[in-house]
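K.L.:
Give the three-dimensional model of this entry:
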Amino acid sequence: MSEKLHGLFRASIRPITPADFEFVRTLAAKFPTFTVPSDFLLWFFSQYHPDYCRILEHDDGSPKAYLLAMPTTEPQKGLSVWQVAASAPNQPFALEYFIAYLRDLIDRTEADSIFFSASQDVRTLRLIRSLAKRFFDCDVTQVHPVPAGQSEWEFRISPIRRQKQM
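P.N.:
Alright, predicted model coming up:
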């Protein structure tokens, strides 16, 4: 999905390149629960999971957000989102664009679940549940606490319903 996305701002989603590493590292550092990925880790993700690791950029070429994800082996046909972040004030728009991108990726890979960690903040959970229902026609299940001690829990969106092909 590299086509242009039109909304409140013109943007496109593309693979992460080495030129984006500083943007990703700088943005990750702004979130207290995020691990700032090393250049090697970003290179690894961009080399071995290019469809899962993306940049959302404005038409002028400036990056606004990033997504770091990967397929899972257990369960098979799962997808794990490690980090998704956007620079202010782009957070709500970026999340919707990445969810739409993930919807397309799920259809192409036939994934049936998404795993991610998040805080149990009421607003966060309301947003996650709303997006899961809207884009995946399914519910969000709280799985177990993340052992890193950051007051986050692992969540699963499943079973993902297939979009009807026209």
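K.L.:
Which elements pack onto the longest helix along the chain?
P.N.:
Ranked by residue count and defined by DSSP state H, the top helix of the chain is helix 91-109. Judged by 3 or more C-beta pairs under 8 Å, 6 or more residues apart in numbering; DSSP states H and E, helix 91-109 is in contact with strand 11-15, strand 54-58, strand 63-72, strand 78-86, helix 122-131. All C-beta spots, glycine's among them, are computed from the backbone N, C-alpha and C.
K.L.:
Could you check how far stretch 135-155 is from the centre of its chain?
P.N.:
14 Å (C-alpha atoms, centre = their mean, to the nearest Å).
K.L.:
Flag every buried residue along that stretch.
P.N.:
Buried residues in stretch 135-155, counting neighbours by 16 or more other C-beta atoms under 10 Å, are found at 135-136, 138, 140, 152-155.
K.L.:
Just the residues contacting that stretch, thanks.
P.N.:
Contact partners of stretch 135-155, identified using C-beta atoms under 8 Å, 6 or more residues apart in numbering, comprise 33, 99-100, 102-103, 106, 114-120, 125, 128-129, 132-133, 156-161.
K.L.:
For the closest residue to residue 158 other than its chain neighbours, give me its contacts.
P.N.:
Nearest residue to residue 158 in three dimensions, chain neighbours excluded: residue 113, at 3.5 Å (C-beta to C-beta, 6 or more residues apart in numbering). Listed by C-beta under 8 Å, 6+ apart, the contact set of residue 113 reads 75, 77-79, 156-160.
K.L.:
from these, which is closest to residue 91?
P.N.:
Closest approach between these and residue 91, by C-beta to C-beta: residue 157, at 19.1 Å.
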